Structures are given as structure tokens and as C-alpha cells.
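Fold the following.
(2 chains)
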Amino acid sequence: MNASYLHPGLPAPAPTDLDRAYWDGLRGERLLIQRCMRCARFQWGPEWICHRCLNFDLDYVEVEPRGTIYSHQRVWHPVHPALKAQGPYVIVLVELRHADNVRLVGNLVGDPQQELVIGAEVSGVFEHHKSAEPAYTLLHWRYGH
Amino acid sequence: MTPHSLRARTAVVGLGETTYYKRGQSPHAEFKLALEAIVNACADANIHPREIDGFASFSNDRSDPSQLAAALGCRELRFANMQWGGGGGGGSAAIGNAAAAIACGMAECVVVFRALAQGQYGRFGQGAETDTVSGNLAHTVPYGLLSPAHMFVMKYRRFMHEHGVQQAALRAIALASYAHAQTNPRAVMYGRPLDADAYDASRWIVEPWHLYDCCLENDGAAALVLVSAERARDFPHPSCYVLAAAAGSQYRAGAPVHNTPDYATSSFKTLAPRLYDMARLGPADIDVLQSYENFTGGVLMSIVEHGFCKPHEVNDFFVLDNLLAPDGQLPLNTSGGNLAECYMHGLGLNLEAVRQIRQTSTAQVPRAEVSMVISGPMVTPVSSCIFGGEATL
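As a prediction, this is how the structure comes out:
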């Protein structure tokens, strides 16, 4: 595994029937977002039903991993043992305007004390945890398209 | 009175609490704390606990109503109610649920209570310590989004951005709570004043929230006794009527993984008009406010969404003098609240609101007749309630 943004030891994502396609997609460096097969609108996080047209038939469709920062936070106080020596880190909420404005949570890579700008454009960064059992991939973000 | 309104159908006639302890330091089991607060509330109301025939609580309180009724010798249990979800957002909802049960004849004497012993059980402010997470948490926890502060600060940061809120607005909220705690001997922070320099110098928990923007975590219990308005005048204290209670949240407030369409909100926009309609009052009628501080940013958004000021006015409105009893424009959190009195999951705010109507607060607003509580900003569902004295009938 390459150096991860956060120190190792946080809980790993365990896919379920609802979001396995998403996690499998990330391992292949593809961002797949849930989309209704009837009204063709995106929604996130994963839901059992299309909240717009109440259709149960949902698919995962690839979208380009780019977006804009909708909100952000710089965390200083560690609340998990794995982060005791982490220092500050940045979490961003990224809006994907080309996918019905769904929002994704991730980390903003780079200097943790860099300026944080709502509305700034960001691109996806796939962080592979290949030595985890089972392996998984997280989706982070960096400034620029 | 409209047939379906709760306005002045019920009243709070008893208040009880335990000593408030630092988190994990209660010498008593959580269930015993609940019993102590309820027994104290009944003593305050001058009734025997056997008269209680209903219990209402919130946030999955662990003290089971049947066991409480058995322990207290209640003659009959008629109402056992839990407000679902929303953590501290359920405090005023529990008051409303109790009032509704009494108004509808389902019960006659209902206790609203909350008990916490975090040494006996787990802490709120710590992240999960498991090997894996699944479901919605899998899309946040691996990125270090772990605690309530992390969940809610994202909303506040967006609100701050949209409306140009300055840090001093949050500081005023924290300073008001600490100032009021200095006159309240029950407060955990009694004798420990806070000034602007100490606030500014305090460490970040998560930007833009300093240590003093975040609530305490405490052990203890609090309880209120409610009966019908008709019976209320038979009790020893001045009557404190429930003028309104409302709970809920906006469209898709519970959308997963931070995808609520109206995101930068404390979740009160649709609730506040219903609350005021029921009370037949407006923000200008509120003499004193207790507003749940999980984090100061939520207080600020709650106060805006209840109509006390416009979003673009917050930097002028949220100055310390405006928020202080006895004569500020909107005296706020007059017991010290969750920041400086005690974090009893917000129910302490409801007790303080009743004290203001009784004219017995340690930071009394002179002749307070209308007293509001806002419970649990930024969660879903949230709730609010309004209490009033005889003059409001």
C-alpha cells in the first residue's frame, strides 16, 4: 500500500448488497454512482428505492470524478486512537454537478493547512489499500480539474 | 383554542434533577439517577410517585418505563413513549408527546425524563473502534468523519460561507452560557468563568469550532412532571403551561451521506411556523430562550430559523450584551446550558425554561411570561416547545 492520507487503523469499508458496485468500481479507479433505471436521475448515498419516482430498479453508472467543494472541515482533535499522531486533516464535501448535484465525502490531499475554498474545482484521487484484507479503495480529492 | 391544538392543555408542575457530574464520574448507576430525578420532580410537585401513569423520553434512553413504574410503585402504567431518532433533538418532542397523551386522555400524570451515566455506558464524542464499517458510515468513517462535531460542522461551514458569519458570533454564544453559569451553583462550570481571550486562545476541535463551541458531556438525570391544565392550579408552584410543541424536519433531512437538499440548516425551517401557529405567538413575544448547544453554530442557525434575526443580521445580533439576562434583547441559555451548566442531552434546558416562568432562575428575566426551548439543532427530527405563565392564557 502507498502512504495513505490518514494514518492506518480507521475502520475499513465493508461493502453490502446496496453499495458493492460502488466499492468494486473504486478498486478499478472508476466512480460509479447510483442511478434510477426509470427516471435516469442520480442519487447518493445508496438507497433501496429511487426517492423521486419510487422505482426499485437502480443501477450504478460511471461518472467523471470531478466536482466542486460544497463544504469542508479541518479536524484538529483526534477522536480515534489511529489518529492520535495524525495532526490536522481535511474532509471535504464535494458536489458533482454533472450527476444531479450528488455530494460525496472525502479527504482533500495535500498540505493539511492549505486554504480551503468553497466552490473550488477538485478532481478525484484513488487511494488503494491493497494490503487490507479484503482490499479496498477510497476516493479522495485534489484541487484542479 | 382549535380542537387539535396542544395550546395550554397541559402544564409542568414538577421539576427534578440529580447532582450533575463530570462525564463518567457518577457514583450511581444510570437507572438510579433516573429514579432520583423522578422522585425529586414528584417532591417538587408535592405528589407521590405512585401517581405517575406515563413516561416519555428520547434518544433511546436506557431506563425502561415498565421497570421505572415497578420501582416507583406506580399504580398503573398507561403511556410508555420514546421519541424516535434525533438524539437531543427529541427533548421538546418528549414534552409534546407527554402533553398530547394527557390532552387526549391517554394518561393523567406523565414524567418526561433523561438519564445518562457515560461511565457505565459509552461516550458520545468518540469515534467507533471497530475493524470495519458498512452502510452509510462506510462512506464517511474511513475519511475520519467520526464524531458529532464532524457530522454537523460541515453544515455550519456552508451556512457561514453563504451568510458571511464571523467567529465573534459563535464566541458571543459561548460567553453568554458561561456568564449565566457563574450565577448557577448547580452548573458544572460554576466558578469557572470564560472571557473572550480564553475563547480565542482555546484549541480548535474542528475549524471553525473551538473547544468552547462544543458541549460538555455529563452524568446525571433530569425530569419534569406534566398534568392537565385543569389540575395544574392545585400544585404548589405557579402554573407553567405548555403553549406549543412541535417536532420534525424538512424534506429529506435524513437523506444519506450529507445529501440533504437544503443542507446548511439546523432543520427548523418547516417546524418553527407550526410552533408559533400553535402558540399563537411570534418571535417578538418570546421573553427568554434556551437553545440546545451541541455546538454553538447550531444555536446560531436555530435562532435564525426561529425568526429572531435574519441570516444577514447575525454578526450584529450575536453580541454578548444581546444574549445576557436580565435585560438583553434575547436572554439565551440562562442556566449555562449544555456548554456550562450540564449536558443532560438538553433536557436541562426545558427545566430552565420552566424556572423562568416560575421566576426562580439564577439568571431570571424579570416578569418572564413566555419561555422557549429549541432542542437538538442539525439532527433529524428536531423539536421546540414554548411555555407560558397564567398571563398567556
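
B:Gly298 is in what secondary structure piece?
B:Gly298 is part of helix B:296-305, with elements assigned from DSSP states H and E.

Quick one: mean pLDDT for that helix?
Mean per-residue pLDDT for helix B:296-305: 98.

list the helices and strands the helix or strand following it packs on?
Going down the chain from helix B:296-305, the next helix or strand is helix B:314-317, by DSSP H and E. For helix B:314-317, the contact count by 3 or more C-beta pairs under 8 Å, 6 or more residues apart in numbering or on different chains; DSSP states H and E identifies helix B:167-181, helix B:296-305 as packing neighbours. Every C-beta, even on glycine, is put in place using the N, C-alpha and C of the backbone.

What is the burial count for the residue nearest to B:Arg62 when sequence neighbours are not counted?
Excluding its sequence neighbours, the residue lying closest to B:Arg62 (C-beta to C-beta, 6 or more residues apart in numbering or on different chains) is B:Glu30, at 6.1 Å. Other residues near B:Glu30 come to 21 when the count uses other C-beta atoms under 10 Å in any protein chain shown.

Quick check, pLDDT for B:Glu30.
In this model, B:Glu30 carries a pLDDT of 96.

close enough to count as contact, it and B:Gln120?
Yes: using C-beta atoms under 8 Å, B:Glu30 is in contact with B:Gln120, at 5.3 Å.

if I look at the nearest residue in space to B:Pro27 that is not next to it in sequence, how far off is B:Gly336?
Leaving out its chain neighbours, the residue that sits closest to B:Pro27 by C-beta to C-beta, 6+ apart is B:Tyr21, at 7.9 Å. B:Tyr21 sits 15 Å away from B:Gly336, going by C-beta to C-beta, to the nearest Å.

State the number of residues packed around the nearest residue to B:Met154 once chain neighbours are set aside.
Closest residue in space to B:Met154, ignoring its immediate chain neighbours: A:Ser71 at 4.6 Å, by C-beta to C-beta, 6+ apart. For A:Ser71, the count of nearby residues is 25 (other C-beta under 10 Å).

and if you look at B:Pro273?
14.

Same check on B:Gly73?
10.

and what of the one 10 residues further on?
The local packing count at B:Gln83 equals 25, with neighbours defined by other C-beta under 10 Å.

okay, and for the chain, where does confidence drop off?
Picked chain A for this. A:1-2 (pLDDT under 70).

my bad, chain B
Ranges of chain B meeting pLDDT under 70: B:1-3, B:125-129.

mind listing the helices for chain A?
In chain A, the helices defined using DSSP state H lie at A:20-27.

again but with chain B, I slipped
B:30-45, B:65-72, B:91-103, B:148-163, B:167-181, B:196-201, B:229-232, B:271-279, B:296-305, B:314-317, B:320-323, B:337-340, B:347-358.

Go through these and pick out the most buried.
helix B:337-340 (a mean of 30; mean count of other C-beta atoms under 10 Å in any protein chain shown).

Give me the contact list for that helix.
If you take C-beta atoms under 8 Å, 6 or more residues apart in numbering or on different chains as the criterion, helix B:337-340 is touched by B:174, B:177-178, B:180-181, B:187-189, B:194, B:212, B:214-216, B:290-294, B:296, B:333, B:346, B:348-349, B:352.

please redo it, this time with the cut-off set to 6 Å
Residues from elsewhere that reach helix B:337-340 (C-beta atoms under 6 Å, 6 or more residues apart in numbering or on different chains): B:Ser177, B:Tyr178, B:Ala181, B:Ala187, B:Met189, B:Cys215, B:Glu293.

Who are the contact partners of residue 37?
Picked chain A for this. Residues near A:Met37 by C-beta under 6 Å, 6+ apart: A:Asp57, A:Asp59.

Chain B is the one I meant
Contacts of B:Ala37 by C-beta under 6 Å, 6+ apart are B:Gly16, B:Glu17, B:Thr18, B:Phe113, B:Ala221, B:Ala222, B:Ala223.

The same query, at a cut-off of 8 Å, please.
B:Gly16, B:Glu17, B:Thr18, B:Phe113, B:Ala115, B:Gly220, B:Ala221, B:Ala222, B:Ala223.

how close does it sit to chain A?
For B:Ala37, the distance to chain A (C-beta to the nearest C-beta, to the nearest Å) stands at 29 Å.

Which residue comes closest to that residue once chain neighbours are left out?
Nearest one to B:Ala37, counting by C-beta to C-beta, 6+ apart, is B:Ala221 at 3.7 Å.

count of residues packed around that neighbour?
32.

can you pull the contacts of it?
B:Ala221 touches B:17-18, B:30, B:33-34, B:36-38, B:113-116, B:344, counting by C-beta under 8 Å, 6+ apart.

Tell me the one of the residues you listed nearest A:Gly110?
Distance to A:Gly110, by C-beta to C-beta, is smallest for B:Leu116 among these, at 40.3 Å.

Show me the beta-bridge partners of the closest one.
B:Gly220 (DSSP bridges).

about what we covered before: gap between the residue nearest to B:Arg62 and chain A?
On the measure of C-beta to the nearest C-beta, B:Glu30 and chain A end up 23 Å apart.

Against the centre of chain B, work out the most remote residue.
B:Asp131 (33.9 Å; C-alpha atoms, centre = their mean).
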